[in-house]
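> Predicted coordinates and the sequence they were generated for:
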Amino acid sequence: MALLQFKRPGRTAGSDGTLAGILAGYSIEVMPRTAEKVADFTALLPQGTRVYIAHIDGTPIEDMVRTAARLAADGFEVMPHFPARSIANAATLGDWIARYQGEADVRQGLILAGGRPDPLGDFDSSMQLLETGLFDKAGFTHLHVAGHPEGNRDIDPKGGTAEVDAALAWKQGFSEQTDASMAIATQFAFEMAPIAAWAEGLQAQGITMPVHLGIAGPAKLQTLIKFAIACGVGPSLKVLQKRAMDVTKLVLPYTPDEVLRDLVAYKAANPASLIEQVHVFPLGGIKTSATWIAEQSGGAATASQQG
């Protein structure tokens, strides 16, 4: 295994030896209520960017579909969440799919269990949604599932990764039967070592689905710590805690330079890694994340003028 075979490069290191290279083709996430605050997505995001729409429990499907239609009309690839525990039954799932396709021509979805502790109806897991066959019947071209580089206490309450691993093994089997392209979109983390160990562990188990690695965008440190604890981020949380103890850094916003540079070096040393691209969680705001990415890609002036 090539675990930890990376050195911290300078500014010029990614898939092509640069931060811009590792960020190329990134995806990003919005919610309907945050999307409403953005006057013009085309001024912030590259044309064709994949935009996930997070479905927080209790959000009306009408709000989700309206956001999807707006983003699709602006030329973005729209990937709404389908949270199993918030979907009452197969009829409801079919209705959601029909609405998304009728108003926004949606052909992509992130299939996950969702944030509810208890299911609203018939579904408890993403696997049950996939088993309905409704996504294949509707001609979905991309189906993404959730990944947890630092484990998930909701799925493995006693610790470890036994249940998470079993679920991914099932989804790997499903990926070999469906016509849709499948990938793993991960929770965000702040340190490359546990991410590398997890990704290499997947390959050892025979997982071949590509990984879209979750990265937290620039944000205030206090904001990140709050979200990290709420989302169950594991060992890499110590990166933020250590930063919080440094008074000189406490007032500065966090940016993901360090973990991305380590990812760049890791990809260079491990070109066959499952990690394919970056997915950005804009915890400090979508404009903040989009502008920061543009700056890393040499588009600071354009981003500033358009944003």
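Arrived safely. Note that this is a predicted model, so its numbers are computed, not measured.
> Tell me what residue 188 is bridged to.
With beta bridges defined as DSSP bridges, residue 188 has these partners: residue 214.
> what's the neighbour count on it?
Residue 188 has 23 neighbours, counted by other C-beta atoms under 10 Å. Glycine gets a C-beta too; all of them are placed from N, C-alpha and C.
> Was I right to think it contacts residue 281?
Yes: counting by C-beta atoms under 8 Å, residue 188 touches residue 281, with 5.0 Å between them.
> what kind of secondary structure is residue 146 in?
Three-state assignment for residue 146 (DSSP: H, G, I helix; E, B strand; the rest coil): strand.
> who's in contact with it?
By C-beta atoms under 8 Å, 6 or more residues apart in numbering, the contact set of residue 146 is 110, 112, 113, 126, 184, 185, 186, 187.
> I'd assumed residue 148 was in contact with the last one.
If I follow you right, that is residue 187. Yes: counting by C-beta under 8 Å, residue 187 does reach residue 148; the two are 5.4 Å apart.
> Look at these two and report which has more neighbours.
Using other C-beta under 10 Å as the criterion, residue 187 and residue 148 rank with residue 148 on top: 24 against 21.
> thinking again about what came up before, ok, so of the contacts of residue 146, who is nearest residue 215?
Nearest to residue 215 among the contacts of residue 146: residue 186, at 9.2 Å, using C-beta to C-beta.
> tell me which element that closest one is part of?
strand 181-188 (DSSP states H and E).
> Alpha carbons of that strand, in CSV - could you do that?
The C-alpha coordinates for strand 181-188 follow below in CSV (Å, rounded to 0.1, in the frame of the first residue of the first chain):
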residue,chain,number,x,y,z
SER,A,181,-22.4,5.9,-13.6
MET,A,182,-21.9,5.6,-9.8
ALA,A,183,-19.5,7.4,-7.6
ILE,A,184,-18.9,8.0,-3.8
ALA,A,185,-19.3,11.6,-2.6
THR,A,186,-17.7,11.9,0.9
GLN,A,187,-18.2,13.8,4.1
PHE,A,188,-15.7,16.6,4.5
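> quick one: buried residues of it?
Across strand 181-188, burial judged by 16 or more other C-beta atoms under 10 Å covers 182, 183, 184, 185, 186, 187, 188.
> ok, which stretches of the stretch 151-300 of the chain are strands?
Remark: strands assigned in the stretch 151-300 of the chain by DSSP state E, counting those that start in this stretch are 181-188, 211-216, 275-281.
> As CSV, those strands with mean pLDDT and distance to residue 90 would be great.
Formatted as CSV, the strands of the stretch 151-300 of the chain follow (pLDDT from 0 to 100; distance: least, C-beta to C-beta, whole Å):
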stretch, mean pLDDT, distance to residue 90
strand 181-188, 94, 21
strand 211-216, 95, 28
strand 275-281, 96, 28
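> For residue 275, list the residues it contacts.
The contact partners of residue 275, by C-beta under 8 Å, 6+ apart, come to 195, 199, 210, 211, 213, 263, 266, 267.
> Just the buried residues of those residues.
195, 199, 210, 211, 213, 263, 266, 267.
> ok, those residues vs residue 23, which is closest?
Nearest to residue 23, judged by C-beta to C-beta, of the buried ones among the contacts of residue 275 is residue 263 at 10.1 Å.
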